[in-house]
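Trainee: Just to be clear, the model below is a prediction. Sequence and coordinates:
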Amino acid sequence: MKFHIALGALIALAAATVAKADTIKVGITVSQTGPAASLGIPQRNSVALLPTEIAGQKIEYIVLDDATDATKAVANTRKLIDEDNVDVIIGPSITPAALAMVDVVGEKKVPLIVLAASARIIEPPTGAKAWVFKTPQNDSLMADAVAARMAQDGVKSIAFIGFNDSYGDGWLTEITRALAAKNIALLDTERYARTDTSVTGQVLKAISAKPDAILIAGAGSPAALPAKALVERGYKGRVYQTHGVANADFLRVGGKDVEGEILPAGPVLVADQLPANNEVKPVAQKYVSQYEAKYGAGSMATFGAHLYDAGLLLTAAIPEALKKAKPGTAEFRSALRDAMEHQTGVVMTQGVANLSPADHNGFDARARVMVTVRDGKWLLLP
């Protein structure tokens, strides 16, 4: 009898071990607190909308807060890999943290799906960056749209007010290129920190350059600070923002001071306003419906949709990876990286992704629309 009990226990233990090994572990690090919390909170919330099973395999999500701190994001990355043995990581929310994580995932050979915008995170997709993908649109794609809209609006000159970190750096590089192509002059460049409480000096300098328009290159609610300061100082020119502000918190903090501002955004921000034949619309509407059913009307933010899109990418790639290896192994992580790199025609909330060894984002013009703020809401521009 004792032998049978012992044997039964061993069989149960072995079965449990196999089941555990077959669970795909997804590590997530996002900015649930700190200056980028308005990005990270909807990302954390969106985890509840991700699939719990793909191709017959259970999916386990391990979610950590990096507090909008690059050092903490790196520590989270090492914990997720070394202690939790994750097969893939999603995050972080901001570009500086993402850039800091690249070498770690490259060294450990664990695929990373980033939720931050800068193209620098994935380009060129060689070395450590061969393990890095991202679901937000590249800042280069969005900068082209901003410059084209400025030209359409008759803008001949602008001033730039942006974050003094890699997000601002990326936007300054890309908008400078895009402006040159449209013969629009960049008259002044000002920078500020995400944690600043005043940008009066920067705003006064920008206004004194007498530009036709001002581009604010910030993300989340901190991008409302220059917008409000411009109104306070009587600036009457056009104001443009980046896709980093596409959430309700920006509208709440900015209030009437961000009325009329123009920005590029992912289609999901105005999902119900998209044409009926837009192929992204059904996927975007599904996400908005699910998110707002759980968290309340008007609560959806494009930042959460980026995480949801990471789930769609994994849903497409995991079945291919499972043909080559079992979860929890180096071979599976490598197979998953390879599978993601060759996904084409993946319809997401933000666009249609066609990834390749040369492009770890895969979006084209279908991943952007131009919107403005009208009566405290987002309005799709023609």
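Mentor: Now that the structure is in, tell me what you want to look at. Numbers count the residues shown, from 1 in each chain.
Trainee: how about the strands of the stretch 151-300 of the chain, start to end?
Mentor: Shown for the stretch 151-300 of the chain, the strands assigned by DSSP state E, counting those that start in this stretch span residues 157-163, 185-192, 213-217, 238-241, 262-265.
Trainee: Quick one: list the elements packing against the last one.
Mentor: When you say that, I think you mean strand 262-265. helix 139-152, strand 238-241, strand 369-374 (3 or more C-beta pairs under 8 Å, 6 or more residues apart in numbering; DSSP states H and E). All C-beta atoms are positioned from the backbone trio N, CA, C, and that covers glycine.
Trainee: Switch these over to JSON lines; also include mean pLDDT and mean neighbour count.
Mentor: Below are the helices and strands packed on strand 262-265 laid out as JSON lines (pLDDT from 0 to 100; neighbours: other C-beta atoms under 10 Å):
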{"stretch": "helix 139-152", "mean pLDDT": "97", "mean neighbour count": "22"}
{"stretch": "strand 238-241", "mean pLDDT": "98", "mean neighbour count": "24"}
{"stretch": "strand 369-374", "mean pLDDT": "98", "mean neighbour count": "20"}
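Trainee: Those into TSV, with extra columns for distance to Ala217?
Mentor: Formatted as TSV, the helices and strands packed on strand 262-265 follow (distance: least, C-beta to C-beta, whole Å):
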stretch	distance to Ala217
helix 139-152	9
strand 238-241	8
strand 369-374	16
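Trainee: contacting residues for Arg149?
Mentor: The contact partners of Arg149, by C-beta atoms under 8 Å, 6 or more residues apart in numbering, come to 240, 262, 264, 370, 381.
Trainee: again, only using 6 Å
Mentor: Met370 (C-beta atoms under 6 Å, 6 or more residues apart in numbering).
Trainee: picking up where we left off before, mind checking which of the strands of the stretch 151-300 of the chain is nearest Val26?
Mentor: The closest of these to Val26 is strand 262-265. By C-beta to C-beta, the value is 26.4 Å.
Trainee: Please identify the most buried of the strands of the stretch 151-300 of the chain.
Mentor: Of all the strands of the stretch 151-300 of the chain, strand 213-217 has the most neighbours on average by mean count of other C-beta atoms under 10 Å, namely a mean of 27.
Trainee: Between the helices and strands packed on strand 262-265, which one is closest to Asp196.
Mentor: Comparing the helices and strands packed on strand 262-265 by C-beta to C-beta, strand 238-241 comes nearest, at 16.8 Å.
Trainee: which strands and helices sit next to that closest one?
Mentor: strand 213-217 (3 or more C-beta pairs under 6 Å, 6 or more residues apart in numbering; DSSP states H and E).
Trainee: and if we set it to 8 Å?
Mentor: helix 139-152, strand 213-217, helix 224-232, strand 262-265.
Trainee: List of residues touching it?
Mentor: Contacts with strand 238-241, where a contact means C-beta under 8 Å, 6+ apart, come from 146, 149-150, 153, 155, 158, 212-216, 218, 223, 227, 230, 258, 260-263.
Trainee: swap in stretch 197-213?
Mentor: So stretch 197-213 is contacted by 150, 153-161, 187-188, 190-192, 214, 225-226, 229-230, 233, 235, 237-240 (C-beta under 8 Å, 6+ apart).
Trainee: go on, stretch 356-366?
Mentor: 119, 122, 125, 129, 132-135, 137-138, 141, 145, 267, 279-280, 340-344, 346, 350-355.
Trainee: Which members of these occur in strands, if any?
Mentor: Among the contacts of stretch 356-366, the ones falling in strands (DSSP state E) are 132-134, 346, 352-353.
Trainee: and the two most separated of these?
Mentor: With distances taken as C-beta to C-beta, the most widely separated pair in those is Val132 and Val352, at 20.5 Å.
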